[in-house]
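A.B. asks: Here is my input, please return the structure:
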Amino acid sequence: QVQLVESGGGLVQAGGSLTLVCAASSRSFLKINDAGWSRQAPGEPRILIATITSRGIPTTADSVKGRFTISRDDAKNTVSLQMNNLKPEDTAVYYCNANVYTAMSGSNDYWGQGTQVTVSS
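C.D. replies: Model (predicted):
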């Protein structure tokens, strides 16, 4: 079984920065294929904001373009989201998701438990 664990959330003032990290772990060998970050504000649906392919090609939603950067470190089995110039409207629970291959289970989709990001004005 694969676990995705997000870290790096917290409270920050508007204009500040945070880096979220999603770490994948398993008892057997694993490889992260495509991955992404989504966020869900209170009373709103979950929205995909950034993706990165297995080859490292990133995409970001217009709402965060130029401020957020997604990256990956395959040696550490991590996917990160660097968030700069944060705004109060970025306040949400941020979730990592990834398609992960393991020798035992093949390729499956997984979600992390989420990490809260709060931006004060």
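
A.B. asks: what about the residue sitting furthest away from the middle of the chain, distance to residue 28?
C.D. replies: Seen from the C-alpha centroid of the chain, the residue lying at the greatest distance (C-alpha atoms, centre = their mean) is residue 104, 24.5 Å away. Here the distance between residue 104 and residue 28 works out to 5 Å (C-beta to C-beta, to the nearest Å). For every residue, glycine as well, the C-beta is placed using N, CA and C.

A.B. asks: Please apply the same query to residue 73.
C.D. replies: From residue 73 over to residue 28 (counting by C-beta to C-beta), the distance is 19 Å.

A.B. asks: now do residue 9
C.D. replies: Counting by C-beta to C-beta, the separation of residue 9 from residue 28 is 29 Å.

A.B. asks: neighbour count winner among those two?
C.D. replies: Set residue 9 next to residue 28 and count neighbours by other C-beta atoms under 10 Å: residue 9 wins out with 19 against 10.

A.B. asks: OK, contacts around the closest residue to the more buried one other than its chain neighbours?
C.D. replies: In this structure, residue 9 finds its nearest non-sequential neighbour in residue 115, 3.4 Å apart by C-beta to C-beta, 6 or more residues apart in numbering. With contacts taken as C-beta atoms under 8 Å, 6 or more residues apart in numbering, residue 115 has the following neighbours: 6, 7, 8, 9, 20, 93, 94.

A.B. asks: Who does the first one form a beta bridge with?
C.D. replies: Spelled out, it's residue 6. Each beta-bridge partner of residue 6 is listed here, defined by DSSP bridges: residue 22.

A.B. asks: In this structure residue 23 contacts residue 80, no?
C.D. replies: No - in this structure, residue 23 sits apart from residue 80 without contact. The criterion is C-beta atoms under 8 Å, and the distance is 9.7 Å.

A.B. asks: For those two, indicate the residue with more neighbours.
C.D. replies: It is residue 80, of residue 23 and residue 80, that has more neighbours when counted by other C-beta under 10 Å, with 20 against 17.
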